[in-house]
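Novice: Sequence plus the predicted model coming up.
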Amino acid sequence: MITTDIIIIGAGPTGLFTVFEAGLLKLKCHLIDALPQPGGQCSEIYPKKPIYDIPAYPEILAGDLTDKLMEQCKQFKPGFTLGERAETIEKQDDNTFVVTTNKGTQHQAPVVAIAGGLGSFEPRKPLIHNIKDFEDKGVEYIIKDPEVYRNKKVVIAGGGDSALDWSIFLSDVASEVTLIHRRNEFRGHLDSVEKVQELKNKGKINLITPAEVIGIVGDYDVKAVVVKESDNIHIDKEYEIECDHFIPLFGLSPKLGPIANWGLEIEKNAIKVNNSLDYQTNIPGIFAIGDVNTYPGKLKLILCGFHEATLMCQAAYKIINPGKRYVMKYTTVSGVDGFDGTRKEAPKAVVKAID
Amino acid sequence: MSKSDINIKIKDREGIVHNIEAPTDMAMNLMEVVRSYELAPEGTIGVCGGMAMCASCQCYVLSETELPEMQDDEEAMLSEAFYVKDNSRLGCQIQITLEMEGLEVELAPES
């Protein structure tokens, strides 16, 4: 059991900034995120795209914003449970909460802050009628352990970076790699596209475009996929390709997911909170901040998430330290004392007489 | 109706047709117009914010209205999206202009 002061669900910008604000109040945080890296949408969807409305940054790349937030909260030593989705929440007799992930990791804290953005990212599944029957029996939407594919025949579908990168990687692991995409053009880093071209020329990747997988063949596990080649010029061709694994990589899309069943008041796919006070939900002790919440006039902006996180931490302090006095302090005046023993402070003014 | 508005018809995912007025002077795209009228639940459209990176605003163009040509990133996204037809476009890539008076579209299913 991981114990902390605040369990933060979602390691996007709002969740990361919460660590900093909580740290100023000497509260420890642990973040849970379904993605394997922190940053949320900023690192998953658009790391190389600029953002222009972060105060004091006329322009900053989403990936760089994530790096800066990580650096800013580092001294408060946040814990991370990454690549796991928060599945259930149970209130304990002592008023703390236990949050359990889909992999069974348990976290306990008196305060839970849901900073889940648009939800947890789930793989987008292609519309193949019998694909569900083969999930985990040869069909995988996410590659967890590449060794599974050693000396196997693998078919990958998709036209983005993950389809390209995994085709390249698995060409050294699998006995056969086939990459299928609906167009001849790929959307990925130029060097990945060139590398696939090179491997195709060497016969290490079997490239089929424009085509798509329209069916899966097998009794219990995957034996082959049905491919349809169609270019609007020639007559369509349909045939089977023998394989042990079919890996569709069509990106991820966020879904509110299990949080929707936690007994929280939901409106417009978001969690209703009290915005006149502390962004608490209808369940005391559970807060919702950033894009995941809603209230009259809500704007889904990173900068609004920062503000919400800051006010929420004050409320969390009162729950964790009932009756204990505190006044908000300016970091310029009091500095920042990290949980790792570091201290940041403004340099002292020089007092020196002038003759 | 303001002079800078145009009339467009949008069939939502439940099949209901909405006749709406869309401003041409607020730099809005079709996805944003759909959101401003709440014709699809929040969180099911414009997920990526309008970067042609999620296809949640895919729609089928039903009228003969002339639209801006498809750019590379829209074409690339549509080639990875589901339920794509010949008349598919991404709403976020269609900037509303006066020339689009009478535009008719249907929202593609959520995926």
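Specialist: Alright, I've got the coordinates. Numbering: from 1, shown residues only, chains lettered A, B, ... in the order given.
Novice: Burial check on the residue in the stretch 151-300 of chain A that chain B sits nearest to, number of neighbours?
Specialist: Closest to chain B within the stretch 151-300 of chain A is residue A:269: 3.3 Å, counting by Cβ to the nearest Cβ. In this view, the C-beta of every residue, glycine as well, is placed from N, C-alpha and C. Look at residue A:269: counted by other Cβ atoms under 10 Å in any protein chain shown, it has 17 neighbours.
Novice: ditto for residue B:44
Specialist: Residue B:44 has 16 nearby residues by other Cβ under 10 Å.
Novice: Please list all residues in contact with it.
Specialist: A:269, B:56, B:110 (Cβ atoms under 8 Å, 6 or more residues apart in numbering or on different chains).
Novice: Dump the residues you listed to CSV, plus secondary structure, pLDDT and distance to residue A:77.
Specialist: Formatted as CSV, these follow (DSSP: H, G, I helix; E, B strand; the rest coil; pLDDT from 0 to 100; distance: Cβ to Cβ, whole Å):
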residue, secondary structure, pLDDT, distance to residue A:77
A:269, coil, 87, 33
B:56, coil, 94, 37
B:110, coil, 90, 40
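Novice: Export the residues you listed to a markdown table and append columns for distance to residue A:18.
Specialist: Converted to a markdown table, those look like this (distance: Cβ to Cβ, whole Å):
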| residue | distance to residue A:18 |
| --- | --- |
| A:269 | 22 |
| B:56 | 27 |
| B:110 | 30 |
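Novice: re the thing from before, residues contacting the residue of the stretch 151-300 of chain A closest to chain B?
Specialist: Neighbours of residue A:269 in contact, by Cβ under 8 Å, 6+ apart: A:118-119, A:256, B:41-44.
Novice: Which residue lies nearest the spatial centre of chain B?
Specialist: Taking Cα atoms, centre = their mean, the centroid of chain B lies closest to residue B:91, which sits 2.8 Å from it.
Novice: now that residue: how far from residue B:60?
Specialist: According to Cβ to Cβ, to the nearest Å, residue B:91 stands 11 Å off from residue B:60.
Novice: so the residue nearest to the centre of chain B makes contact with residue B:35?
Specialist: No - contact between residue B:91 and residue B:35 fails when scored by Cβ atoms under 8 Å: they sit 9.3 Å apart.
Novice: which residues are common contacts for those two?
Specialist: With Cβ under 8 Å, 6+ apart, residue B:91 and residue B:35 have common neighbours B:45-46.
Novice: can you pull out the helices in chain B?
Specialist: B:30-36, B:72-78 (DSSP state H).
Novice: Tell me which residues of the last one come out buried.
Specialist: The reference is to helix B:72-78. B:74-78 (16 or more other Cβ atoms under 10 Å in any protein chain shown).
Novice: repeat for the first one
Specialist: Going by neighbour count (16+ other Cβ under 10 Å), the buried part of helix B:30-36 is B:30-35.
Novice: Same list (these) but as TSV, adding distance to residue A:99 and pLDDT.
Specialist: What follows is these, written out as TSV (distance: Cβ to Cβ, whole Å; pLDDT from 0 to 100):
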residue	distance to residue A:99	pLDDT
B:30	39	97
B:31	34	97
B:32	35	96
B:33	39	96
B:34	35	97
B:35	32	94
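Novice: Any part of stretch A:39-56 near chain B?
Specialist: Yes - residues of stretch A:39-56 are located near chain B by Cβ under 8 Å from any Cβ of the partner chain, namely A:41, A:45-46, A:49.
Novice: before we move on, back to that, can you flag the buried ones in the contacts of residue A:269?
Specialist: A:118-119, A:256, B:42-44.
Novice: Spell out which parts of chain A neighbour chain B.
Specialist: Going by Cβ under 8 Å from any Cβ, the residues of chain A near chain B are A:41, A:45-46, A:49, A:118-119, A:124, A:126-127, A:158-160, A:181-183, A:185, A:187, A:250-251, A:253-254, A:256, A:268-270, A:294.
Novice: Who wins on neighbours among the residues of stretch A:39-56 next to chain B?
Specialist: That'd be residue A:41 among the residues of stretch A:39-56 next to chain B, by other Cβ under 10 Å, with 24 neighbours.
Novice: what kind of secondary structure is residue A:207 in?
Specialist: Per DSSP: H, G, I helix; E, B strand; the rest coil, the local secondary structure of residue A:207 is strand.
Novice: Can you tell me the closest non-neighbouring residue to it?
Specialist: Nearest non-adjacent residue to residue A:207, counting by Cβ to Cβ, 6 or more residues apart in numbering or on different chains: residue A:200, 4.7 Å away.
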